[in-house]
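1. Model the structure of this input:
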Amino acid sequence: MPLSKVIVVGAGPSGLLLTLLLARSNIPVLLVEQTNTLDTNPRASHYAEPSNYEFERAGVLDAIRAEGFFPDGVSWRKLDAKKTRLVKLNNPRPEPGQEIDPEFERYRMVCLPLHRLGVLLENAVKKEKSAEIRYSHKVTALGEDPGSGQAWVEVETPSGCQRLSADYIIGCDGANSKIRRLLFGEKTFPGHTWDEQIVATNMYYDFSPYDYDDSQFFIHPEHWHMVAKIQNDGLYRVTYGEIGGLSREELEKRLPEKYKAFLPGAPEAGGYKVVNFSPYRVHQRCVDKMRKGRFVLAADAAHLCNPFGGMGLTGGIADIGSLYDSLLGIHTGQADDSILDKYDEVRRKIWHEIINPISSSNMRRLIDLDADTALDEDLFLQLLKRAETDKGLQAQMRTGMMALRHDMTQYYRQQ
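-> As a prediction, this is how the structure comes out:
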C-alpha cells in the first residue's frame, strides 16, 4: 500500500534533502522544524561524490555547482614560518581535450556554505506539491497508535499544541535530536566526547600574498587548524582547536591571539573581519538502533563525528540516500518495512567501520603528529604523497568516499 504521509523532523540539510527526494516521488511529506528559520552558523561547506550523487537525484546539483565553486584540492602543512606544504590531494578541473570519467566530473567536489545550501534546498522543497514545511513546530512527545498503525508526534506551535500523524516519522533533528532522546532516553548516545573543543569561524582575510591552497590542514600540538576558502568573494572558514571547558566569552576573548599565532602575516585584531563565531564540543557517537517501530533516525540525530575530512556531513547525506530508497521501496510495494531494519544495520556498520575510524584519525593526525616527521610516520600522508604523481591513485582516492553510499534497492523484491 502506498505511503499516505511521512513526517520529517528537522530542517537541516538532511531533513530538507529527504523531504525533497520524497516529494519528487509524489510521497506526501511534512517537514517540521522547531526554530523559525534556517540555521546560519558556520558548519560544513564541501560536498564530495556521495553527496553530489544524492543532490543529482534531488534535482539540485546543477544549482549547487552554479552557485558554488570547485576547490583546487586540499593540503597538509607545517605551522612553520613558510607554512610548508607536506602533501596535497588535487581536485583539478579537466584540461581541454583531456579524457576524464564523466561520472567523476559530474560528482567532483564542490564548495558552498551549508546555510546557502539550506536556502537552495528549502526553495526547491517549496516548489513541490507533495511537500510542506512548518516552522516553529517543537516536538514534545511521540508514540504509535495501534488502531491506525501510524506514528504520531505532539508539537508546540504558535497556535497551540497539535498532534501530527504519519506512516513513518524520521528524526533528522541533529546532534541534540528530540526524537532520539524521546525514543532512547535523554543520555543514551553511545560513544565519547573529545577533550579538545573546536571553534568554527567564517572570516575575511587577504590570503593572496601567501601560497595557500583553497583548503589546508595544519599539524601542530597547540594550534592545529584548518583554513578553507568557501566563497568566491574571499570568505574563508577557519576552524581551530581550543582548550576544553572554556566559556564562549573566554573563547571569543582568545580569538585574536589564536589568529595571530597561526594565520600568515600574524595579523592584529582589525586586520580581518569575523562574520561568524561558533564554538562547539566534538563527539564520536552512534546510536545502537536507528529504527524503532515507525520511527527512524538519520544523519547527526543518529551519529556524530568530528568535522575534519567532512565524514559527518557526507555520511549523513549518504544516510538520506539509503533511507529514501528504503521508503520508496515500501511506497511502491517493492519492499516491506523490514528494509528499514536493513537500513539500520548497514548505516551503523558504515559508521563503525569507515566514518568513525577515518574521522578520528583525521583529527588525531593534526594534534598528535610531529610535522617534521609526519611523512615518515603517517601511512595516509605517505599514500597522498604517492598520489601526487600517480593519476590512477589520485582517481581512486577522489572516488573512495563513495564507499559511504549503500544501494538499498538491492534489497527490493525480485520482480
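
2. Leaving out the residues flanking it, which one is nearest to Glu252?
-> In this structure, Glu252 finds its nearest non-sequential neighbour in Phe277, 6.3 Å apart by CB to CB, 6 or more residues apart in numbering. For glycine as for every other residue, the C-beta is placed from the backbone atoms N, C-alpha and C.

3. just checking, that neighbour touches Thr201?
-> Yes. Between Phe277 and Thr201 there is a contact under CB atoms under 8 Å: 5.4 Å.

4. Look at these two and report which has more neighbours.
-> Thr201 (20 against 16; other CB atoms under 10 Å).

5. Flag the shaky bits of the stretch 51-200 of the chain, pLDDT-wise.
-> 92-104 (pLDDT under 70).

6. show me where it has strands.
-> For the stretch 51-200 of the chain, the strands defined by DSSP state E, counting those that start in this stretch cover 73-78, 85-90, 110-111, 131-134, 138-145, 150-157, 160-166, 168-171, 191-204.

7. who does the second one pair up with?
-> The strands beside strand 85-90 in its sheet (DSSP bridges) come out as strand 73-78 (antiparallel).

8. now do the fourth one
-> In the sheet containing strand 131-134, the strands it pairs with under DSSP bridges are strand 29-32 (parallel).

9. contacts for the strand it pairs with?
-> Strand 29-32 is touched from outside by 5-11, 15-16, 18-19, 22-23, 125, 130-134, 137, 139, 153, 155, 164, 166, with contacts defined as CB atoms under 8 Å, 6 or more residues apart in numbering.

10. Follow the chain on from that strand and name the next helix or strand.
-> Downstream of strand 29-32, the next assigned helix or strand under DSSP states H and E is strand 46-47.

11. Pull the distance from that next one to the chain's centre.
-> Averaging C-alpha positions (CA atoms, centre = their mean, to the nearest Å) puts strand 46-47 8 Å from its chain's average.

12. same question for it, mean pLDDT?
-> Average pLDDT, strand 46-47: 92.

13. For the stretch 201-350 of the chain, just list every one of the helices.
-> 248-262, 311-332, 339-350 (DSSP state H, counting those that start in this stretch).

14. will you turn those into TSV that also has distance to Lys385 and mean pLDDT?
-> What follows is the helices of the stretch 201-350 of the chain, written out as TSV (distance: least, CB to CB, whole Å; pLDDT from 0 to 100):
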stretch	distance to Lys385	mean pLDDT
helix 248-262	24	97
helix 311-332	22	97
helix 339-350	28	98
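
15. For Tyr47, which of those is the nearest?
-> Closest to Tyr47 of the helices of the stretch 201-350 of the chain is helix 311-332 (CB to CB; 7.6 Å).
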